[in-house]
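Peer 1: Fold the following and give me the result.
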Amino acid sequence: MLYPSIDKILNTVDSKYRLVHIIAQRAKQIEETKHYQLPEKEYKNKKELGRALEELEKGLIKYN
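Peer 2: Below is the predicted model of the structure:
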């Protein structure tokens, strides 16, 4: 099961498509730069996609 819940995050993002776009961009950025917005020990996920979801849930990713 994916953490955090997609349903919970959709309360902050207006559509599933925008959510996918935002998370894909951030996951790719994490993979290329290895720059994390939280200390690595605080992430529950090991993969970039899950870490991007966690950052969005905590309000660390800003989008228009």
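
Peer 1: alpha carbons only for contacts and neighbour counts from here, please
Peer 2: Noted.

Peer 1: Are there helices or strands packed against the host helix or strand of Gly50, and which ones?
Peer 2: Secondary structure from DSSP states H and E places Gly50 in helix 48-57. Contacting helix 48-57 under the criterion 3 or more CA pairs under 8 Å, 6 or more residues apart in numbering; DSSP states H and E are the following elements: helix 16-33.

Peer 1: what sits up against the helix it packs on?
Peer 2: Around helix 16-33, the neighbours that count as contacts under CA atoms under 8 Å, 6 or more residues apart in numbering are 10, 13, 35-36, 48-49, 51-53, 56, 63.

Peer 1: Report the buried residues of it.
Peer 2: Neighbour counts over helix 16-33 (16 or more other CA atoms under 10 Å) mark 19, 22-24, 26-27, 30 as buried.

Peer 1: And the furthest pair within those residues?
Peer 2: For those, the farthest-apart pair by CA to CA is Leu19 and Ile30; their separation is 16.4 Å.

Peer 1: Roughly how far does the residue of the chain most remote from its centre sit from Arg51?
Peer 2: Going by CA atoms, centre = their mean, the residue of the chain most distant from its centre is Lys41, 15.8 Å out. For Lys41, the distance to Arg51 (CA to CA, to the nearest Å) stands at 11 Å.
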